[in-house]
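1. build me a model from this:
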Amino acid sequence: MPPMPVTAAAKYPDAYLHPDLIIGFAGHRFLENEHVIHAAITTHLEQLKKTKTPRAISSIAIGADMLFAQAALELRIPWHVYLPFPENEFRDDFSRQDWLRAKALITRAASVNPPPPPPANAARDTAYSACADRIVAACDLLLAVWDGKPARGPGGTQETIARATTLGKRVIIIDSATGAPGEPTPTPP
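-> Below you'll find the model as predicted:
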């Protein structure tokens, strides 16, 4: 009899039985220093993991999303990927090399969460915004790599931070240029 496959639950049993913190993520695609940002994300996740049993959720765009997924997996935090489109369509938004990197991370995800069917004639940007909404709705805390500037489009980092803040979620910001803690966002009463 062949060996049983190792499931995500077997790899991360505590987080499947008793997760007490769902960490969502939003961040910029183009970063000046990925090593600094990866280190900052890792530091925040390590701190959160000291007192909680976390799960991590994000999409998997190039840039900060990939760094978050990589850091979560390195720290053995179960990472759940949310896709704005079915995989075969989403891959069209990547170069071949970037898709290979994204796909390697997706195969290590605890779960892959495709989007619900889109409304008829929905704009492509709507899918990115809806994906960000799903992440914010599911998380307890949003970790964000942000440059402090307005969103450049639907589902952008600033828009996602604003959504999380409006819903009363805790938001931790990492400056996208320096990796330093950003200005905290107020949580509504």
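
2. contacts, neighbours, all on C-alpha from now
-> Will do.

3. quick one: neighbours of the closest residue to Ser111 other than its chain neighbours, just the number.
-> Ranked by C-alpha to C-alpha, 6 or more residues apart in numbering and with sequence neighbours excluded, the top spatial neighbour of Ser111 is His80, at 4.9 Å. For His80, the tally of surrounding residues (other C-alpha atoms under 10 Å) stands at 23.

4. please apply the same query to Ala123.
-> Here the count is done by other C-alpha under 10 Å, and Ala123 has 10 residues near it.

5. tell me the helices in this protein, going along the chain?
-> In the chain, helices defined by DSSP state H lie at 8-11, 13-17, 34-51, 64-74, 87-90, 96-106, 124-138, 157-166, listed in chain order.

6. among the ones you listed, which comes closest to Ile173?
-> For the helices of the chain, distance to Ile173 was read as C-alpha to C-alpha. The smallest value, 8.9 Å, belongs to helix 157-166.

7. send me the closest one as CSV with only the CA atoms.
-> Once non-C-alpha atoms are left out, helix 157-166 reads as follows in CSV (Å, rounded to 0.1, in the frame of the first residue of the first chain):
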residue,chain,number,x,y,z
THR,A,157,-3.0,48.4,-0.8
GLN,A,158,-4.4,51.7,0.5
GLU,A,159,-7.9,50.7,-0.4
THR,A,160,-7.5,47.4,1.4
ILE,A,161,-6.1,49.1,4.5
ALA,A,162,-9.0,51.5,4.5
ARG,A,163,-11.5,48.6,4.2
ALA,A,164,-9.9,46.8,7.1
THR,A,165,-9.8,49.9,9.2
THR,A,166,-13.5,50.6,8.5
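
8. buried set for that helix?
-> 157-161, 163-165 (16 or more other C-alpha atoms under 10 Å).

9. and the residues you listed as TSV, adding distance to Ala122 and pLDDT?
-> Compiled in TSV, these are given as follows (distance: C-alpha to C-alpha, whole Å; pLDDT from 0 to 100):
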residue	distance to Ala122	pLDDT
Thr157	21	92
Gln158	22	92
Glu159	19	92
Thr160	19	94
Ile161	23	95
Arg163	21	94
Ala164	23	96
Thr165	26	94
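
10. now distance to Leu67 too, for these, in TSV please.
-> As requested, the buried residues of helix 157-166 are exported to TSV (distance: C-alpha to C-alpha, whole Å):
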residue	distance to Leu67
Thr157	15
Gln158	18
Glu159	20
Thr160	18
Ile161	18
Arg163	22
Ala164	21
Thr165	23
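
11. could you find the closest non-adjacent residue to Arg134?
-> Of all residues not flanking Arg134 in the chain, Tyr82 sits nearest, at 8.0 Å (C-alpha to C-alpha, 6+ apart).
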